[in-house]
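Colleague: test case, fold it:
(one chain, ligands or ions: 1)
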Amino acid sequence: DSNISRYHQEFHELGLIGTGEFGSVYKCINRLDGCTYAVKKSIKPVAGSINEKNALNEVYAHAVLGKHQHVVRYYSAWAEDNHMIIQNEYCNGGSLADTILNLEKEKKHFTEIEIRQLLLHVAEGLRYIHSMQLVHMDIKPGNIFISKEKRLLAVNYDSADDGFDEEETIEEEITYKIGDLGHVTSVNNPQVEEGDCRYLPTEILREDFSHLPKADIFAFGLTIYEAGGGGPLPKNGSEWHDIRNGKLKELPHYSRDLNELLKLMIHPNPEMRPSAVCLIQHRVLCPFGNK
Ligand SMILES: Cn1cc(CCO)c2c3c(c(-c4ccccc4Cl)cc21)C(=O)NC3=O
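Modeller: I've put the predicted structure just below:
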């Protein structure tokens, strides 16, 4: 019956995990399958408006980008009492933006190995999206979500005199996933909804949409630069232009190779930036030469 909300019928709301102009996101347990989901509720856009086009875009993109381990999974979407609701995979480790903030607070940084793992996961997700002739158009730390899974690695029994005592070695497996498909569009579609200006390449500002996948690579390069401690990124002004002229501060904790790769990813000429496929084969990501 229409006046009982499907949302409250199907989900037990655990709490608010994010708000913004996009709407509000709740951590919910599905009453039927007992699993946890991230559910975004946004005001239903006016029929025929840009917002409605974007809202439908997001659902179409999720439907096309079915299951990939480095893209946040979509389960369902529906409209009720003037709201649009989308039910996605819940990633229990927060966003990359949260991690970067926490690292800055504790004066810590990602190791080069951790940066490479982040690069590889997101490059895999981008390769999949681009292989479907789609582009994300809003890659940034706030849209990369983290799933942490504890795994029992080993159990050691050493029999002390009073019998067994076992030691468990638990490893935490981290998976990065590309989320928020609200700006996804097709490679050949001339209508582009610009993403966050801090990660926007100049050619998009100039409405040159001839190399859209490379706009994702540009934003991805600045995302890694921020994860490596190069942030916070300018929204405008001379610093903004310096970056678009290919000027990036050296990241002192990381290899020359990695610093060179980031410079290539934000190259002013989109054709000079490596594709997602090329990134995955890049020696920085396959340091042991396993091509
Ligand atoms: C603010 N926020 C925090 C989280 C949890 C991270 O540990 C989160 C998620 C999502 C989303 C999301 C983004 C865009 C569209 C729909 C959703 Cl559900 C937003 C999220 C999403 O799709 N999956 C999430 O885990």
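
Colleague: Ser42 is in what secondary structure piece?
Modeller: strand 36-43 (DSSP states H and E).

Colleague: hmm, the next helix or strand after that strand touching the ligand?
Modeller: Counting by DSSP H and E, the next helix or strand C-terminal to strand 36-43 is helix 50-64. No. Residues of helix 50-64 are not located near the ligand by Cβ under 6 Å from any ligand atom, the shortest gap being 6.7 Å. C-beta coordinates here come from the backbone N, C-alpha and C atoms, glycine included.

Colleague: now tell me what touches the helix or strand just after helix 50-64 from outside.
Modeller: Per DSSP H and E, the first helix or strand lying C-terminal to helix 50-64 is strand 74-80. For strand 74-80, the surrounding residues in contact (Cβ atoms under 8 Å, 6 or more residues apart in numbering) are 5-7, 37, 44, 59, 62-63, 65, 84-89.

Colleague: partners of strand 74-80, with directions?
Modeller: Sheet pairing for strand 74-80, assigned by DSSP bridges, gives strand 83-89 (antiparallel).

Colleague: then the strand it pairs with to CSV, C-alphas only?
Modeller: C-alpha atoms of strand 83-89 as CSV (Å, rounded to 0.1, in the frame of the first residue of the first chain):
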residue,chain,number,x,y,z
HIS,A,83,12.0,11.1,-2.5
MET,A,84,14.4,9.2,-4.7
ILE,A,85,15.9,6.2,-2.9
ILE,A,86,19.0,4.2,-4.0
GLN,A,87,20.3,1.1,-2.1
ASN,A,88,24.0,0.4,-2.6
GLU,A,89,26.7,-1.8,-1.2
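
Colleague: on that earlier part again, spatially, which two of the contacts of strand 74-80 are the most separated?
Modeller: Ser5 and Leu65 (27.6 Å; Cβ to Cβ).

Colleague: pLDDT below threshold where in the stretch 51-200 of the chain?
Modeller: Low-confidence segments of the stretch 51-200 of the chain, defined by pLDDT under 70, span residues 159-164.

Colleague: and the stretch 151-291 of the chain, which residues reach the ligand?
Modeller: 179-180.
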